[in-house]
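> The sequence and its predicted three-dimensional model are supplied below.
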Amino acid sequence: MRAVTRTLDEWLGDDAIVPDLNDVARDDGLLFVRDGQGVAGRGEAIRLDADQAARWLGEIDHDSTVDQAAPVALGTIPFEPGAAAEVVVPEVAVVKRFGRCWITTVADHDIDVAAALSAGPEPTPAAPSWTIEPGVEVEHYLAAVTAARDAVQSGALTKAVIARTVVVSADQPISIHAVLRRLKLSFGSSYRSSIDGMIGASPELLIAVEGDTVRSHPLAGTTPSTGDPVTDQRLAAELRASSKNQIEHRVVIDDLHDRLLPWASYLDWEPEPSIVSVANVQHLGTRMEGMLSEPSPTAIELVRAVSPTPALGGHPRDAALELIEQVEGFGRGRYGGAVGWIDGNGDGVWAVNIRCAEFNDSRTRARLVAGGGIVAESDPLAELAETQAKFQAMLGAIIRG
């Protein structure tokens, strides 16, 4: 195979219009984007073991006129530490980075880029019939939260994250393209993705690697966002003052720092968490940035080192994961892992795979998962309400006429 990278104008002419990455991905493509920057792909050149992807991409014959560009792959890393993972190298990748747009093809034959990127049909309005059912009964979830809280109170854990599922079913196929457009409108500053039937709008940056710079923006601690400025300011102040949420957040920051430090010559982070607001909830967030040691690890190596963070698993990690397996009542799969892209330089951006929905092949059924961190002060009914708020991000994008 051979990779070819050119600017958008070189591929499509000086009058080419910069495409919306959501409209490149459409129903059956690949997408990872935030604030208009990211990657979208059409077609599938090859699937790679995620842990070997950077090496393969770096060794492929690459003809490029764009500085810093490299062949790219998109994929997901499951929640379970060390679980096998694949990434997909698209035949045609549209990349928006550094304020530029370029296109990379990867194939063993000529690619008609204009044809690959030609606009597909607009999503067709429909009036499907919907049902929403619990994947795990509420009573089971409340019992799991109680078990986790009791484990923390006994001193066995500092924190455990307990999640639950709901299943959305429709009597007609759900348009992924339409869902992506709705997510763009409401969650444009979240990391929005579409890979192998998993659609997401995550507010949480797990790992970003650019050269020798590493960044992360972990979130933990949640309160509703109502849309009323006065109410939201009050809720944000209560979130900052909440010992329960501050404990939950501090555990995440300390763990992430300890897991990244062996790879870095230095790490810096905000002294106090800030408020991160998305359309329906507010979180405590702390930005972290550092310089990687030589030889620099790839983005996926760092994802493997830190995931799942205590924001999705708990602390200590092994004990929390054992409890989750015992009490949660379902397999998480890709939920709570990571989603993103990696290129042949080892650079990449990976978000925590939350606020997501996993569709079946017919696109008539989707599983949604939401959870929260359980500490000694957690109240099961309050945790249930938090999951309901978190579900709204994806439910609002899926359930439309």
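Perfect, thanks for sending it. Keep in mind that this is a model prediction, so the values were computed, not measured.
> so after the lengthiest strand in the chain, what's the next helix or strand?
When the chain is scanned for its longest strand (criterion: DSSP state E), the result is strand 159-170. Past strand 159-170, heading to the C-terminal end, the next element that is a helix or strand (DSSP states H and E) is helix 176-186.
> Show me what counts as buried in that next one.
When neighbours are counted by 16 or more other CB atoms under 10 Å, the buried residues of helix 176-186 are found to be 176-184. For glycine as for every other residue, the C-beta is placed from the backbone atoms N, C-alpha and C.
> so where do the helices sit in the stretch 151-300 of the chain?
Under the criterion DSSP state H, counting those that start in this stretch, the stretch 151-300 of the chain contains helices at 176-186, 229-241, 243-260, 299-306.
> Which stretch among the ones you listed is buried most, on average?
With neighbours taken as mean count of other CB atoms under 10 Å, the helices of the stretch 151-300 of the chain reach their highest mean count in helix 299-306, at a mean of 22.
> what mean pLDDT does it have?
Helix 299-306 shows a mean pLDDT of 97.
> ok, now stretch 188-200?
Model confidence over stretch 188-200, given as mean pLDDT, is 96.
> Stretch 365-381 too?
The pLDDT scores in stretch 365-381 average 95.
> Now do it: distance to the chain's middle.
Taking the mean C-alpha point of stretch 365-381 and that of its whole chain, the gap between them comes to 18 Å (CA atoms, centre = their mean, to the nearest Å).
> circling back: for residue 323, find the nearest of the helices of the stretch 151-300 of the chain.
helix 243-260 (14.8 Å; CB to CB).
> ok, back up a step: could you export the helices of the stretch 151-300 of the chain to JSON lines, including columns for distance to residue 361?
Converted to JSON lines, the helices of the stretch 151-300 of the chain look like this (distance: least, CB to CB, whole Å):
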{"stretch": "helix 176-186", "distance to residue 361": "12"}
{"stretch": "helix 229-241", "distance to residue 361": "40"}
{"stretch": "helix 243-260", "distance to residue 361": "35"}
{"stretch": "helix 299-306", "distance to residue 361": "27"}
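> Tell me which of the ones you listed sits nearest to residue 216.
Go through the helices of the stretch 151-300 of the chain one by one with CB to CB and the one that ends up closest to residue 216 is helix 243-260, at 6.2 Å.
> Show residues contacting the closest one.
158-159, 214, 216, 218-223, 239-240, 267, 269, 273, 284, 286, 288, 290, 302, 305-306, 309-311, 315, 317, 373, 375-378 (CB atoms under 8 Å, 6 or more residues apart in numbering).
> what's the angle between that helix and strand 159-170?
Taking axes from the mean of the first three to the mean of the last three CA atoms, to 10 degrees, one finds helix 243-260 and strand 159-170 inclined to each other by 100 degrees.
> rewinding a little: tell me which of the helices of the stretch 151-300 of the chain lies nearest to residue 61.
The closest of the helices of the stretch 151-300 of the chain to residue 61 is helix 299-306. By CB to CB, the value is 22.1 Å.
> same for the next helix or strand after the closest one, what does it pack against?
Once the chain leaves helix 299-306, the next helix or strand it forms, by DSSP H and E, is strand 314-315. Contact here means 3 or more CB pairs under 8 Å, 6 or more residues apart in numbering; DSSP states H and E; on that basis strand 314-315 packs against strand 159-170, helix 317-327.
> I'd like the ones you listed written out as a markdown table, with distance to residue 9 and mean pLDDT added.
Conversion of these to a markdown table gives the following (distance: least, CB to CB, whole Å; pLDDT from 0 to 100):
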| stretch | distance to residue 9 | mean pLDDT |
| --- | --- | --- |
| strand 159-170 | 41 | 96 |
| helix 317-327 | 48 | 96 |
